[in-house]
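Chemist: Please work out how this folds:
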Amino acid sequence: MPRSSADLASRLLDSALALFAERTYEGTQMPAVAAHAQVGVGSIYRYFPSKEALGNAAFRQAKGGLLAELTAATAPPAATPREEFAQIWRAFTRFAGANPAAFVFLEHQQHDTFLDAESRVLAAEIDTFAADFIARGQRAGAIRDGDAAFLVALALGAFGGLLKNIRPLPVTELPPQALTGAEAAVWDLLHRKT
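Modeler: Here you go, the predicted model:
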């Protein structure tokens, strides 16, 4: 049965994400992506005219999926910063559990070598989402003073470190009390002590 163009493009993106997560973007060659997807190298170029185009498509798929998960998890307007953080933590956990290669690719890569303008705009949307959360928490007196980007980097680094520490176990297979404890510890990084 012939496969649709959308199926093949999706398979190529999934293969690229898996290899970018394992070998990095720089360390992945197009023939390896083709082999992983079980297609000829020429098939890639019908959908992605260059490695940069493939890298940007993979980045946008991963970053767009994360942004969709985060925005879907928005806490109610009356939520405290702690409650909002819990929603964000759970969104990251769901995304990382459902898309482990995409999460590794996003968190452990240097993207500045190949990102185009569209990808940079998408990356900025997530940065703005995170900075807005920090600013709301600071105004409410719940999050410590400091540069929003720095505080976000601390929280993301802790989350990424947790995932690295438990691999190859998916984050969704951690006991609930372990995830709750990790969430509380990361909140303590951000929380303003009174």
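Chemist: just for this structure, where's the confidence low?
Modeler: The chain contains residues with pLDDT under 70 at 1-3, 109-111, 167-172.
Chemist: Show me the residue at the heart of the chain, geometrically.
Modeler: residue 103 (4.1 Å; CA atoms, centre = their mean).
Chemist: residue contacts, it?
Modeler: 62, 66, 95, 96, 163 (CB atoms under 8 Å, 6 or more residues apart in numbering). Any C-beta I mention is one placed from the backbone N, CA and C, and that applies to glycine too.
Chemist: Nearest to residue 139 among the residues you listed?
Modeler: Taking CB to CB as the measure, residue 139 lies nearest residue 66 of these, at 25.0 Å.
Chemist: now the closest one, nearest residue through space, not along the chain?
Modeler: Excluding its sequence neighbours, the residue lying closest to residue 66 (CB to CB, 6 or more residues apart in numbering) is residue 95, at 5.1 Å.
Chemist: Please, which helix or strand holds the one you found?
Modeler: Assigned by DSSP states H and E, residue 95 belongs to helix 81-98.
Chemist: Contacts for that helix next, please.
Modeler: Contact with helix 81-98 is made by 65-66, 69-70, 72-75, 79, 102-103, 133, 136-137, 140, 142-143, 159, 163, 170-172, 179, 183, 186-187, 190-191, as judged by CB under 8 Å, 6+ apart.
Chemist: and with 6 Å instead?
Modeler: Residues outside helix 81-98 that contact it (CB atoms under 6 Å, 6 or more residues apart in numbering) are 66, 69-70, 73, 75, 103, 137, 140, 142-143, 159, 163, 170-172, 183, 187.
Chemist: Got a quick PyMOL command for the buried subset of those?
Modeler: Command for PyMOL that selects the buried part of the contacts of helix 81-98, burial taken from 16 or more other CB atoms under 10 Å:
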select buried, resi 66+69+70+73+75+103+137+142+143+159+163+171+183+187
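Chemist: from the contacts of helix 81-98, which ones fall inside helices?
Modeler: Mapping the contacts of helix 81-98 onto helices (DSSP state H) picks out 66, 69, 70, 103, 137, 159, 163, 183, 187.
Chemist: Could you take the residues you listed and lay them out as a markdown table, with extra columns for distance to residue 113?
Modeler: Shown next, in a markdown table, are those (distance: CB to CB, whole Å):
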| residue | distance to residue 113 |
| --- | --- |
| 66 | 20 |
| 69 | 26 |
| 70 | 25 |
| 103 | 20 |
| 137 | 33 |
| 159 | 24 |
| 163 | 23 |
| 183 | 33 |
| 187 | 34 |
